[in-house]
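Undergrad: What would the 3D arrangement of this be:
(one chain, ligands or ions: 1)
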Amino acid sequence: MDFATQPVLKVDQATIFQGIDPILSNVSFSVEQHEFVFLIGKTGSGKSSLLKTLYADLPLRSGKVEIAGFDLNKIKNNEVPFLRRKLGIIFQDFQLFNDRSIAENLAFVMKATGWKDKGKIKERMAEVLLLVGLNNSSSKMPHQLSGGEQQRVVIARALLNEPSILLADEPTGNLDPDVADGIFKLFQEINKKGTAVLMATHNHDLLRKYPYRVLKCEAGKLLDSQTHDVSFGSPY
Ligand SMILES: Nc1ncnc2c1ncn2[C@@H]1O[C@H](COP(=O)(O)OP(=O)(O)OP(=O)(O)O)[C@@H](O)[C@H]1O
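TA: Numbers count the residues shown, from 1 in each chain. Below is the predicted model:
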């Protein structure tokens, strides 16, 4: 089998639930390696629920999902941390430890995900901070950074374990437009280096500006711009 041509994410006839309520049904789509995909839909339409199912925060009860080499139908609780190492997960609230420096924030994740060698930890940390343009900030505390810089740290943190796909839930939601644009460009750079990106967003200017594929949650279904005429006129 040629793994280089396997999609990084494959969803087949899945139903996305919140508790006992089905939120999206008949969800089927694939994301190829290197692909950039927007996930849109009105507030409450199911974007976060879909992403949460993909990183095994919500159980998959019906249908099939394979992501980053894991089969979510078969995954055991103790395997979920290994799945999440292969995914870069990014939210709009930055979720950094405010009482630890940037280096300590990153080291915390690295130690929790099995990194032991101090030299390698330092080296990888420097690499990801350079990638996000924050190579001089490792000793700073989160409150000494702007919102956009804090989001860059979160992206650096998500890249530590070289994920095959980034799952981003409104990553630019709390940032002013210029800063949001910079963060978006960073996602594009990461994507050009070979990481797939699935990004939930309400920012329809981005959709107009960048003609990536669009998945839209609408009326309990997921529409795909590859097979449907997906409109994104109204942001909400
Ligand atoms: N923890 C929860 N428990 C029960 N129902 C929930 C929970 N979280 C979300 N829901 C419900 O699931 C549905 C989908 O919500 P979800 O958060 O996935 O939408 P969304 O498209 O991400 O919205 P937004 O754009 O506002 O973030 C909504 O009806 C919401 O009320």
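
Undergrad: What is the biggest helix by length in the chain packed up against?
TA: Counting residues, the longest helix found in the chain (DSSP state H) is helix 177-192. Helices and strands touching helix 177-192, by 3 or more Cβ pairs under 8 Å, 6 or more residues apart in numbering; DSSP states H and E, are strand 36-41, helix 147-159, strand 165-169, strand 196-200. To be clear about C-beta, it is placed using only N, CA and C from the backbone, and glycine gets the same treatment.

Undergrad: Serialize these to TSV and add fields for mean neighbour count.
TA: TSV is the format used below for these (neighbours: other Cβ atoms under 10 Å):
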stretch	mean neighbour count
strand 36-41	22
helix 147-159	23
strand 165-169	24
strand 196-200	24
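
Undergrad: Let's have these in TSV, adding mean pLDDT.
TA: Output for these, formatted as TSV (pLDDT from 0 to 100):
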stretch	mean pLDDT
strand 36-41	97
helix 147-159	93
strand 165-169	96
strand 196-200	97
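
Undergrad: The ligand: which of the ones you listed is closest?
TA: Closest to the ligand of these, according to Cβ to the nearest ligand atom: strand 36-41, at 5.1 Å.

Undergrad: Report the separation between the residue at minimal distance from the centre of the chain and residue 36.
TA: Nearest to the geometric centre of the chain sits residue 167, at 1.5 Å (Cα atoms, centre = their mean). In this view, residue 167 and residue 36 are 13 Å apart by Cβ to Cβ, to the nearest Å.

Undergrad: what do you get for residue 65?
TA: Taking Cβ to Cβ, one finds residue 65 at 20 Å from residue 36.

Undergrad: Give me the secondary structure label for residue 229.
TA: coil (DSSP: H, G, I helix; E, B strand; the rest coil).

Undergrad: Just give me the neighbour total for it.
TA: The burial count assigned to residue 229 is 6, neighbours taken as other Cβ atoms under 10 Å.

Undergrad: what does residue 24 give?
TA: Neighbours of residue 24 under the rule other Cβ under 10 Å: 22.

Undergrad: What of residue 8?
TA: Residue 8: 22 surrounding residues under other Cβ under 10 Å.
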